[in-house]
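Visitor: I would like the atomic coordinates for the input below:
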Amino acid sequence: VQLVESGGGLVQAGGSLRLSCAVSSTTFTANTMSWYRQAPGKERELVAQLRRSGSTNYADSVKGRFTISRDNAKNTWYLQMNSLRPEDTAVYYCNAQSARTQRAYWGQGTQVTVSS
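Guide: Residues are numbered from 1 along each chain as shown. A predicted model of the protein is given here:
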């Protein structure tokens, strides 16, 4: 199982980006689908999580600005990021926990840079 991310880049403060995470396996079922980020010199932190039930949770710093969603038909989930701030600059990683094995899988990471 591989998670392939796309959608990072450079954007000005106040702008938007949408990250995508596609699962290579068509039979993979996730308990949770998440986005993490890691800024230079900081620990990796959970940004947003979407559970199989459809419930979500967000880091306080992104509530009201970021939205996590999924397209089951494409086995892909997304992170829509609006009103971006320089402090959102980080490498963003997608993560999925297998419903069958509980194993966690990670994407390769995608750089998001927000200029002031």
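Visitor: Is there a neighbour count for Gly107? I'd like the number.
Guide: 22 (other Cβ atoms under 10 Å). (C-beta placed from N, C-alpha, C; glycine too.)
Visitor: from here on, count from 19
Guide: From this message on, residue numbering opens at 19, which makes the last subject Gly125.
Visitor: What's opposite it in the beta bridge?
Guide: Leu21 (DSSP bridges).
Visitor: The chain: strands as residue ranges?
Guide: 21-24, 27-30, 35-41, 48-56, 63-69, 74-76, 84-89, 94-99, 108-116, 122-124, 128-133 (DSSP state E).
Visitor: Include mean pLDDT and mean neighbour count when you put the ones you listed into TSV, please.
Guide: Listed next are these as TSV, based on pLDDT from 0 to 100; neighbours: other Cβ atoms under 10 Å:
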stretch	mean pLDDT	mean neighbour count
strand 21-24	94	17
strand 27-30	98	13
strand 35-41	96	21
strand 48-56	96	21
strand 63-69	97	18
strand 74-76	97	14
strand 84-89	96	16
strand 94-99	96	22
strand 108-116	97	21
strand 122-124	96	16
strand 128-133	97	17
